[in-house]
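K.L.:
what's the 3D shape of this:
(chains A, B, C and D)
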4 protein chains.
Amino acid sequence: MLLDASHSQLVLVDYQQRLMPAIFDGEAVLANAVRLGRMARLAEVPVWGTEENPSRLGENLPDVRTLCQRTLSKMHFSAMQEGLADWLRPPAKAPQGNARSLPKHLQKPKQPAEERNIIVIAGCEAHVCLLQTALELLEDEFEVYVVTDACGSRTERNRDAAFDRLAGAGAELVTTEMVGFEWVRSAEHPKFRDVLALIR
Amino acid sequence: MLLDASHSQLVLVDYQQRLMPAIFDGEAVLANAVRLGRMARLAEVPVWGTEENPSRLGENLPDVRTLCQRTLSKMHFSAMQEGLADWLRPPAKAPQGNARSLPKHLQKPKQPAEERNIIVIAGCEAHVCLLQTALELLEDEFEVYVVTDACGSRTERNRDAAFDRLAGAGAELVTTEMVGFEWVRSAEHPKFRDVLALIR
Amino acid sequence: MLLDASHSQLVLVDYQQRLMPAIFDGEAVLANAVRLGRMARLAEVPVWGTEENPSRLGENLPDVRTLCQRTLSKMHFSAMQEGLADWLRPPAKAPQGNARSLPKHLQKPKQPAEERNIIVIAGCEAHVCLLQTALELLEDEFEVYVVTDACGSRTERNRDAAFDRLAGAGAELVTTEMVGFEWVRSAEHPKFRDVLALIR
Amino acid sequence: MLLDASHSQLVLVDYQQRLMPAIFDGEAVLANAVRLGRMARLAEVPVWGTEENPSRLGENLPDVRTLCQRTLSKMHFSAMQEGLADWLRPPAKAPQGNARSLPKHLQKPKQPAEERNIIVIAGCEAHVCLLQTALELLEDEFEVYVVTDACGSRTERNRDAAFDRLAGAGAELVTTEMVGFEWVRSAEHPKFRDVLALIR
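P.N.:
Numbering: from 1, shown residues only, chains lettered A, B, ... in the order given. Got it, this is the predicted structure:
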C-alpha cells in the first residue's frame, strides 16, 4: 500500500496559464505540483502532463511544463479519452530476428510493457479534468494515488467533493510529502537530502 | 462511474414555496437546482419534480416547476411510496397487432423500457424527503447520484448527516458542476458553451 | 435502510446528573434525548435506559428517566456486559398446557421473541459507554442506529472520533429528526403533528 | 472490536528531541503519548519505542523513552523494515529436555508465541514514519489501532490525510481515552481509579 517509485508514474493535469489564477489556493497548489515533478525526477519516475483546450486556456505554466517528458493536448476533460493510457502502458515490442519464423508455440511470449501501474496524479480543476481522468484510470485498472495538496478547483467545496468521490471509487488520497518520503523510504536513500530540501 | 447523459434522469425534490425560506443557504441551493434543470434540458435528460403536501407547503417555486415535465404530489416523505418508480421505469409496451396471436415462445420479448437507470437527485429537506426517496431508490436498484450543493435542510448538521448516510448506503455524492461537465464530457460537445454559461 | 418503528427499540445511555454538566454542548444533547424518548412513545417504540455507577454519577436526569420503561444499573462501561441483550431480546415463552406432553416433533416451535432488532441508541460519553455498548450490540448482530445529535463527550474530538469508529464498524449515524420522520414516514400518520411539534 | 488489554501491545514512534518542537500541537501530542504509556503499564501491556536517525533527530524525549521496554533505532521511515515485527511476534521457544529425543509425531507442537496481535500505535510524523510503519503492520496482518490524539505532523493537513489513509487501509482510529477505558472495561477494574487519574 506504500508507494513504490519503481512502479510509479506521475501525471500532472492542466496547470494552465489562464486557469491557475482562478484556482482556490492556486499558488500552493502549483508549488506542490512543481515539488512533485522534481521529486519524480530524483526518484526516476516518468512525468507526463496534460493540457485542456490549450488554444483557449493556454499552455501549462513553464515550471510544470519543463518537468514533463511529454504533454498531451486534449479537448475531452478526461485525458483517457485522448490516448493517455497508451503513454502509461507502452505496447510490448514485437519479437525480433529469427524468432518470428519459429512456430507460434515455441516463440517467447511478447515482452511485457514495463510495469508502472501506479499512477500518482494531481491537477486542476479537481472536480472536472482531474476527477474524470482519475476515475477512468481506475476503470482501466491502474492504481491511482491522488495528491490532494497539489489539486485545486475554483471553489473549495467542489475540490473537496472531488476528493470524497475519488476515495469512494478506490483512489488513494495522499499528500506531496507522503509521495516524496515513500519514493525514497529511508534516510539513507542517495536522494533523501534532495527530497528533504524540496519539502522544508 | 462517470455520469452518462443518455442513461440519466433528474429528480428535483420539494423546492416548495413555504419550505425554501427556512432552508440553510436556501438561495444557493435553489440556484443550483435551476442550473441542474437547465443542464438536463441541454443534455436531453428527463426532469421530474416532487412536492410534499402542497396544500400546506405550497407548490415548487416556479423556476423549478417549469423545468419539470411532471411533478408528483405526495404525502409520504419518500416519493417512492407514491409511484415515482413508475415514472422512472415506464412499463414495457404490450406487443401489438398479430404478434398477440402467436404462440408464446414465438413472440418477441416485451420491449424493454428505455434504460435510464441513473438517477441524479437533489432537494429539500436533505435529511427527510430527499434522504428517504434516495434510500428507497437505492433499494430499488437505481444508481443514485445526490447533488449535494443543490440540497438543503433547515440546519447544516442535519444536511451533512444526510450526505454521510447516503454515501454509506451507496449513493454517489456529486456537485452541480460535476454533473454538467460529465453530461457533456468534452469542450467540443455542441452544448458545452451553454453549460459553461450556466456555471460561470 | 430506513428506520421502521415496528422493529425499533430506543436505548438511552447514561444521561446522569453528575456527568451531564461536563458534556460538550450538553443541554442540546439532553434536549434531543428527551425528544427521542417522546417520539418513541408516540411511535410505540420501547425505551430503555442505562446508568453507569449511579452511586457516584447519580441517576439519569428525571426528564430522561421517566421516559424509560426500565433503567439498567451497571459498572461495566458496556451495558451488554450486564444483561442489556436480555431486555432487548426477551426469551421465548415456554409452551404451556398439554403441549408439554406431546412428543417433541409434534410440539410447535417455541414462540419467537418479538422481533425488534433495530436499536436506536444515544448517550454519554459518546466515546466510552455509548461506544462500547454500541460496538457490542453490533457484534451481537443488532442493527445499530446512533443518534449523533443526542450523544456527547466532554470534548468534541473524542465525540467525533466515536462517531467515525461506529460508522466504520457498521453502525448507521442518524439525527433526532431523521428518526422522528422515519418512524412516522408520512404527513398522514396519526402522530405526525405531534412529532412535528417536538421538532420545531 | 473493542480493545483487549491481554492481546495488545503499544508502539510509540519517534517522539524525538529535535522533531517534537516542530510538530503541530506538539505538547498535547506528547502528553497523550505519555498517558498511553502509563496506561499500558497499568494494564500490563508491553510498550515499545522507535527512533528515526537518532544521531540527527535526537533520542525520544525522556518521558516517553523511560516508558518503553526497548527502543528501536532505525534509518528507514518504517520500523517494520528494521525488525519491529520480531519484537512484536517473538519466535516460539524450542522444546527443551527429553522431548527432543521423542519421535516427531509424539513431540508437543512448538509453544506458540504469546498472542498479542493488537498493535496500538501513535507517533510522529503522522504522515511519514507513523504512516509507513502502520501500513506495513497492516500488511503483516496485525490489527492496528492508531491513537489519533497522540499523533502529530508539522502541518494539520498532512496529519489528517494520514488518518484518512490509515482508516481506508483498515486501521481503526481511536483516542487516548478510548484506549484507557477499553483496556480496563469497568469501574470495578483494580486499576480504574489510576486510569481515571491519568485522564482527568
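K.L.:
where do the helices sit along chain A?
P.N.:
A:26-42, A:54-57, A:62-65, A:84-88, A:131-139, A:156-168, A:176-184, A:192-199 (DSSP state H).
K.L.:
Of those, which is nearest chain D?
P.N.:
helix A:176-184 (4.8 Å; C-beta to the nearest C-beta). For every residue, glycine as well, the C-beta is placed using N, CA and C.
K.L.:
Let me know the angle separating the closest one from helix D:156-168.
P.N.:
When axes from the mean of the first three to the mean of the last three C-alpha atoms, to 10 degrees is applied, the directions of helix A:176-184 and helix D:156-168 differ by 60 degrees.
K.L.:
any idea of the angle helix A:176-184 forms with helix A:26-42?
P.N.:
Going by the same axes, to 10 degrees, helix A:176-184 makes 0 degrees with helix A:26-42.
K.L.:
picking that back up, can I get the helices of chain A in a markdown table including mean pLDDT, mean neighbour count and distance to chain D?
P.N.:
A markdown table is the format used below for those (pLDDT from 0 to 100; neighbours: other C-beta atoms under 10 Å in any protein chain shown; distance: least, C-beta to the nearest C-beta, whole Å):
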| stretch | mean pLDDT | mean neighbour count | distance to chain D |
| --- | --- | --- | --- |
| helix A:26-42 | 98 | 20 | 10 |
| helix A:54-57 | 98 | 14 | 28 |
| helix A:62-65 | 98 | 16 | 21 |
| helix A:84-88 | 97 | 17 | 23 |
| helix A:131-139 | 98 | 24 | 14 |
| helix A:156-168 | 98 | 20 | 7 |
| helix A:176-184 | 98 | 25 | 5 |
| helix A:192-199 | 96 | 15 | 9 |
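K.L.:
Pipe those into CSV and attach distance to residue C:34 per row.
P.N.:
Output for those, formatted as CSV (distance: least, C-beta to C-beta, whole Å):
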stretch, distance to residue C:34
helix A:26-42, 47
helix A:54-57, 57
helix A:62-65, 58
helix A:84-88, 58
helix A:131-139, 44
helix A:156-168, 34
helix A:176-184, 46
helix A:192-199, 52
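K.L.:
With respect to residue D:150, which of those lies nearest?
P.N.:
When the helices of chain A are compared by C-beta to C-beta, helix A:176-184 sits nearest residue D:150, at 19.8 Å.
K.L.:
Quick check: which of the helices of chain A is nearest to chain C?
P.N.:
Between those, helix A:156-168 lies closest to chain C; by C-beta to the nearest C-beta that is 13.7 Å.
K.L.:
Show me which residues of chain A are close to chain B?
P.N.:
A:52-53, A:56, A:75-78, A:81, A:127-128, A:131-132, A:135-136, A:138-139, A:157-158, A:161-162, A:164-165, A:168-169 (C-beta under 8 Å from any C-beta of the partner chain).
K.L.:
about what we covered before: want to try a markdown table for the helices of chain A, with distance to chain C as columns?
P.N.:
Output for the helices of chain A, formatted as a markdown table (distance: least, C-beta to the nearest C-beta, whole Å):
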| stretch | distance to chain C |
| --- | --- |
| helix A:26-42 | 26 |
| helix A:54-57 | 39 |
| helix A:62-65 | 36 |
| helix A:84-88 | 33 |
| helix A:131-139 | 22 |
| helix A:156-168 | 14 |
| helix A:176-184 | 21 |
| helix A:192-199 | 28 |
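K.L.:
All set, thanks.
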